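>>> Coordinates only, no sequence provided:
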């Protein structure tokens, strides 16, 4: 079993929101109001980047994570696979030697 550091979740702006808000059942225009509300919560979240990093590392296929929709995460992953991999998602770039 893989264990993930989840300390960031306790600081999430979504912790007091209805979890169903972040997992719309409807699609397309029908889900738009729900997605918009969820993204608004993400906008002010202090751990938004940690959340997105988690979703990208675990390939979360559903829900709003780190202020992104599943479609946005899929596009980002596909774009990463088209260019040479330099570093793992969420890692800082390596320092260059002089």
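Arrived safely. Since the structure is predicted, the reported quantities are computational estimates derived from the model, not experimental observations.

>>> who are the neighbours in contact with the residue nearest to the spatial centre of the chain?
In the chain, the centroid-proximal residue (C-alpha atoms, centre = their mean) is residue 52; its distance is 2.8 Å. Residues in contact with residue 52, defined by C-beta atoms under 8 Å, 6 or more residues apart in numbering, are 65-68. Placement of C-beta: from N, CA and C, glycine included.

>>> Farthest pair within the residues you listed?
Spatial extent of those (C-beta to C-beta) is set by the pair 65 and 67 at 7.9 Å.

>>> Quickly list what's touching both of the two.
Listed as contacting both residue 65 and residue 67 by C-beta under 8 Å, 6+ apart are 51-52.

>>> between the two, which one's more packed in?
Just comparing residue 65 and residue 67: by other C-beta atoms under 10 Å the higher neighbour count belongs to residue 65, 23 against 18.

>>> Is it correct that the more buried one is in contact with residue 58?
No: the pair formed by residue 65 and residue 58 falls short of the contact definition of C-beta atoms under 8 Å, at 9.1 Å.

>>> Toward the C-terminus, what is the element adjacent to the helix or strand hosting the residue nearest to the centre of the chain?
Take DSSP states H and E as the rule and residue 52 turns out to sit in helix 48-58. With elements assigned by DSSP H and E, the helix or strand that comes after helix 48-58 is helix 70-82.

>>> So which bits of that following helix are buried?
For helix 70-82, the neighbour count (16 or more other C-beta atoms under 10 Å) marks 70, 73 as buried.

>>> Please enumerate residues in contact with it?
In contact with helix 70-82 (C-beta under 8 Å, 6+ apart) are residues 55-56, 59-63, 65, 68, 89.

>>> ok, which pair from the residues you listed is furthest apart?
Of all pairs drawn from these, the greatest distance, 18.2 Å, lies between 62 and 89 (C-beta to C-beta).
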